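In: model the structure of this input:
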Amino acid sequence: MSLNTLEEIASYIVSEGKGILAADESNPTCGKRFDSIGVESTEENRRDYREMLFRASGMKGNIGGVILFDETIRQNAKDGTPLVNIISDQGALPGIKVDKGLQPIGNTEETVTVGLEGLDDRLKEYVSMGAKFTKWRAVIKIGESIPTDECINANMKALADYAKLVQDNGMVPMVEPEVLMDGDHSIEECFDASDKSLKSLFKHLQENEVNIKGTILKPNMITSGSKSATQADVDEVARRTLDCLIANVPSELPGITFLSGGQSDLLATAHLDAMNKIGGFNWKLSFSYGRALQAPALKAWMGKTENMFISQDALSHRAKMNRLASLGQWAEELEDE
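Out: Just a heads-up that it's a prediction; the model follows:
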């Protein structure tokens, strides 16, 4: 696969309906997932689980990139094959999460993402290990009098500084300004926080002279808060999300790959499909799902070798359904095929 420029790499990842498998859970997060199926979170078990996912037949043609955690990019499969090679052989590009998590802003409940210190050296190592793109996640909470402009500005500036460093090292930056679903806020409040975040993000990216054509955006959808008494339907989520994106995202950006953010696997697919059926935008609108791709596979696996094939089938099915949604060709009845 000869992809020489940032633009070629970014466009490839979202070409022909393909999306991204987010497999960059930290070890504590992976531990919680494994606890839910009664499996111990050892380095070997994490490796076996991810190897199983990466070898699934449905990776090919449906997944254009895989986001890895630092541990995973260094691991070899049971037979000694580097996991990054398995991903590449499936026609997907290996990517890497590079932020170092969240730090409180003063004595508030807001956070800023850290990890710029030493990032240049880490990026150089990841390039040598075969990474083609990277991810950095900013977290914006909605609550009483938040998000503040200070929080949004600090997070979006960090995203832009990260993006510039990544491109200087020859990789594609994925920028993730996540407005959390957690809370009882309305869909209007989610729209406002997302609108402010995206405006700030693209202002900072422009100021840093980041090449937008070699960048991927991983945003939240515009939804009601997870605890809100009023939940917007699929059509409203699709329309509000598109309104927010069209108002803020430059048309030359190659791809927008949504995070699932706690949505059920079916709802994440339905929302994506509804947006692509509406259309009217230049970017590719696709997925970068973690739980919404992995949950059925994890449940089917249960840590047992004999369940490997049904687990891979579960991942392959979700990958195929989401590719169809990225093309606006999904329908709920296809879930039973």
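In: now residue 247: how far from residue 256?
Out: As judged by CB to CB, to the nearest Å, residue 247 and residue 256 stand 13 Å apart. For every residue, glycine as well, the C-beta is placed using N, CA and C.
In: of these two, which one has the most company?
Out: More crowded of residue 247 and residue 256, by other CB atoms under 10 Å: residue 256, with 21 against 11.
In: show the contacting residues for that one.
Out: 216-219, 245, 249, 283-286 (CB atoms under 8 Å, 6 or more residues apart in numbering).
In: let's see the ChimeraX selection covering just the buried ones among those residues.
Out: Buried members of the contacts of residue 256, defined by 16 or more other CB atoms under 10 Å, are picked up in ChimeraX with:
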select :216,217,218,219,245,249,283,284,285,286
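In: which member of the contacts of residue 256 is positioned nearest residue 273?
Out: residue 285 (9.9 Å; CB to CB).
In: for my notes, confirm the closest one occurs in a strand.
Out: Yes: using DSSP: H, G, I helix; E, B strand; the rest coil, the assignment for residue 285 is a strand.
In: go ahead and confirm it touches residue 273.
Out: No: using CB atoms under 8 Å as the test, residue 285 is too far from residue 273 to be in contact (9.9 Å).
In: what residues are up against residue 255?
Out: So residue 255 contacts 10-11, 13-14, 216-217, 283-286 (CB under 8 Å, 6+ apart).
In: so how far is stretch 166-185 from its chain's centroid?
Out: Mean-position distance between stretch 166-185 and its chain equals 8 Å (CA atoms, centre = their mean, to the nearest Å).
In: the helices in the stretch 151-300 of the chain, which residues?
Out: Under the criterion DSSP state H, counting those that start in this stretch, helices of the stretch 151-300 of the chain are mapped to 187-207, 234-248, 265-278, 291-301.
In: quick one: which of the ones you listed is nearest residue 116?
Out: helix 187-207 (13.3 Å).
In: packing partners of the closest one?
Out: strand 133-140, helix 149-168, strand 172-179, helix 234-248 (3 or more CB pairs under 8 Å, 6 or more residues apart in numbering; DSSP states H and E).
In: repeat that for 6 Å
Out: helix 149-168, strand 172-179, helix 234-248 (3 or more CB pairs under 6 Å, 6 or more residues apart in numbering; DSSP states H and E).
In: any low-confidence regions in this protein?
Out: 1-2 (pLDDT under 70).
In: go again using 50 as the cut-off
Out: Scanning the chain for pLDDT under 50 picks out no residues.
In: okay, buried residues for stretch 91-101 please.
Out: Those would be 92-99, for stretch 91-101 by 16+ other CB under 10 Å.
In: and which of those is nearest to residue 239?
Out: The closest of those, once distances to residue 239 are taken by CB to CB, is residue 95, at 30.2 Å.
In: neighbouring contacts of the strand or helix carrying that closest one?
Out: Using DSSP states H and E, residue 95 sits in strand 93-97. Applying CB atoms under 6 Å, 6 or more residues apart in numbering, the contact partners of strand 93-97 are 24, 65-69, 73, 84, 87, 126, 130-135.
In: narrow these to those in helices?
Out: 73, 84, 87, 126 (DSSP state H).
In: among those, which pair sits farthest apart?
Out: Largest pairwise distance in the ones in helices among the contacts of strand 93-97, by CB to CB, is 13.9 Å, between 87 and 126.
In: between those two, which one's more packed in?
Out: Comparing residue 87 with residue 126 by neighbour count (other CB under 10 Å), the higher total belongs to residue 87, at 27 against 23.
In: doesn't residue 67 make contact with that one?
Out: No: in this structure residue 87 lies outside contact range of residue 67 using CB atoms under 6 Å: 10.4 Å.
In: please report the distance of the residue nearest the centre of the chain from residue 65.
Out: Nearest to the mean C-alpha position of the chain, counting by CA atoms, centre = their mean, stands residue 288 at 3.6 Å. Using CB to CB, residue 288 is found at 8 Å from residue 65.
In: try residue 100
Out: Using CB to CB, residue 100 is found at 21 Å from residue 65.
In: and if you look at residue 260?
Out: 16 Å.
In: these two: which is more packed in?
Out: residue 65 (30 against 26).
In: if I look at residue 53, how far off is residue 176?
Out: From residue 53 to residue 176 the distance is 21 Å (CB to CB).
In: and residue 13, what does it touch?
Out: Listed by CB under 6 Å, 6+ apart, the contact partners of residue 13 are 64-65.
In: one step back: generate a ChimeraX selection restricted to the buried entries among the contacts of strand 93-97.
Out: In ChimeraX, a selection of the buried entries from the contacts of strand 93-97 looks like this (16+ other CB under 10 Å):
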select :24,65,66,67,68,69,73,84,87,126,131,132,133,134,135
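In: ok, so of the contacts of strand 93-97, who is nearest residue 156?
Out: Among the contacts of strand 93-97, and counting by CB to CB, the member closest to residue 156 is residue 135, at 15.5 Å.
In: residue contacts, the nearest residue to that closest one once chain neighbours are set aside?
Out: The shortest distance from residue 135 to any non-neighbouring residue, by CB to CB, 6 or more residues apart in numbering, is to residue 174 (4.4 Å). Residues near residue 174 by CB under 6 Å, 6+ apart: 133, 135, 216, 218.
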